[in-house]
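Asks: Need a 3D model of the sequence below.
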Amino acid sequence: MADLFDTPGDPAPKSAAPRPLADRLRPRALSEVIGQDQVLGPDAPLGVMLASGSLGSLIFWGPPGVGKTTIARLLADETDLHFIQISAIFSGVPELKKVFEAARHRAANGQGTLLFVDEIHRFNKAQQDGFLPHMEDGTILLVGATTENPSFELNAALLSRAQVLVLKRLDLADLERLVQRAEKELGRALPLDGAAREALLEMADGDGRAVLNLIEQVAAWKVEGKLDSQALATRLMRRAAKYDKSGDEHFNLISALHKSVRGSDPDAALYWLARMLTGGEDPRYLARRITRMAVEDIGLADTHSHRVCLDAWETYERLGSPEGELALAQAVIYLALAPKSNAGYAGFKAAMRAAKKTGSEPPPKHILNAPTRLMKDEGYGAGYAYDHDAEDGFSGQDYFPEGMKRPVLYQPVERGFERELKKRLDYFAKLRLQRG
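Replies: Alright, predicted model coming up:
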């Protein structure tokens, strides 16, 4: 793993092939790791475990390039455990059996094994279950690494035997420290002005490994003076944003977009929409979700909002990308600035709960049609008041099942068009009370 160091390593021998910068700067102790203080600090989980001498099995959850492999290797060094690294992508049951057998032999000779499993979420349920007995009898201390949410990707049995530690993207200050250590190792400063240096850090997108690779490229250039950000952008391709349309980033970003719209923040909503589009999200998925926002969070407070979304969706279908995406962006702006109400949504959910609770209660007989004499004899339709014949076009009859207490399901808010609907609702409630 090519990240997170605080002091440079030994230079390569002159007779050896040049070592990558990341390898030369690999941390040699946990105290040299940059970032992840929330995990490694004296009062943080790993700091407390190491101080008490009670290291347990762990799951490292975080994006690429933040030090998962490095920290696991250094944990083995600091606890005198034999370090074994495997990848769930390339390992199956036969390889796991060999690893467990070798760990048993070491245990018999008095040495423990720290088994680091990269991409552990790629193992299926049966393979994950295979770790359990070896964790429980102390044959291995498991340290798994995953970029996916362990709550969804790992078995509950495995999670109950390991502590999940969240590793975060490196911030710009952490990445700047990496640049400074690299410059110390290289013996010279990078040929970048201040703006270009900041642009380089942003290109890494919180990935320590990525910034070291970028540094190595820049350091190899033979240039006079310092490059500005435009010259840097010309020479370097910006790193693609991390985005998995079926993974955590997908759900996190659509949640951010939805909540920004609900929170009436068009700038934030546009940003998250753009993040998803630049990440390769299907605009049709976004069109569907935007329409859902109109239904759930705006509802009848702005009856035009649904039409805006459907029109934007149709416009995208006709224009395609990238022109059609502008229609989706305009719909997002409209929704963010529209009055908000979830009264219809809440009322419908309350109606669904009431429907399940009352089971198969029939409608009251006075609102049932009676096409046959038998049905008329049974009282179907008897006493029905035709609303158009009533004063104000409102009879005030009860339409709920007989014996069911009348619920209040739809409660409009004092915003947008629902303010008018609330007046109407209150008006009919007053008439209903007057007419018994």
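
Asks: low-confidence ranges in this protein?
Replies: Within the chain, the set of residues satisfying pLDDT under 70 comprises 1-17, 237-248.

Asks: which residues of it fall in strands?
Replies: Using DSSP state E, the strands of the chain run over 58-61, 82-87, 113-118, 141-146, 163-166.

Asks: The residue most central in space within the chain and Ala145, how far apart?
Replies: Centroid-nearest residue in the chain, with Cα atoms, centre = their mean: Asn252, separated by 2.7 Å. For Asn252, the distance to Ala145 equals 19 Å [Cβ to Cβ, to the nearest Å]. (Glycine included, C-beta is placed from N, CA and C.)

Asks: Pro339 too?
Replies: Distance of Pro339 to Ala145, computed by Cβ to Cβ: 46 Å.

Asks: do the same with Ile86
Replies: Distance from Ile86 to Ala145, by Cβ to Cβ: 11 Å.

Asks: Now list whatever residues contact both of these two.
Replies: Among the neighbours of Ile86, those also in contact with Ala145 (Cβ atoms under 8 Å, 6 or more residues apart in numbering) are 116-118.

Asks: Tell me how this structure divides into domains.
Replies: Here the domain parsing of the chain from automatic domain parsing is 36-166, 172-235, 248-337, 345-434.

Asks: In TSV: those domains, plus distance to Arg26.
Replies: As requested, these are exported to TSV (distance: least, Cβ to Cβ, whole Å):
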stretch	distance to Arg26
domain 36-166	7
domain 172-235	10
domain 248-337	28
domain 345-434	53
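
Asks: And those domains: which comes nearest Leu21?
Replies: domain 172-235 (4.6 Å; Cβ to Cβ).

Asks: Please enumerate the helices of the stretch 51-200 of the chain.
Replies: For the stretch 51-200 of the chain, helices defined by DSSP state H, counting those that start in this stretch occupy the ranges 68-78, 93-108, 125-129, 132-136, 150-153, 156-160, 172-186, 194-204.

Asks: so of those helices, which one's packed in deepest?
Replies: helix 68-78 (a mean of 21; mean count of other Cβ atoms under 10 Å).

Asks: what angle sits between it and strand 113-118?
Replies: Counting by axes from the mean of the first three to the mean of the last three Cα atoms, to 10 degrees, helix 68-78 points 180 degrees away from the direction of strand 113-118.

Asks: Can you name the residues in contact with helix 68-78?
Replies: By Cβ under 8 Å, 6+ apart, helix 68-78 touches 1, 3-4, 26-30, 33, 36, 39-40, 46, 50, 55, 60, 62, 81-83, 85, 114, 116, 118, 143, 145, 167.

Asks: among these, which ones are buried?
Replies: Among the contacts of helix 68-78, those buried by neighbour count (16 or more other Cβ atoms under 10 Å) are 1, 3-4, 26-27, 30, 33, 36, 39-40, 46, 50, 55, 60, 62, 81, 83, 85, 114, 116, 118, 143, 145, 167.

Asks: hey, where'd the helices end up in the stretch 251-400 of the chain?
Replies: 266-278, 283-293, 305-319, 323-337, 343-358, 373-377.

Asks: Contacts made by the shortest one with the rest, please.
Replies: Around helix 373-377, the neighbours that count as contacts under Cβ under 8 Å, 6+ apart are 368-370, 381-382.

Asks: closest to Asp129 among the residues you listed?
Replies: Asp129 has its nearest neighbour among the contacts of helix 373-377 in Leu368, at 57.1 Å by Cβ to Cβ.
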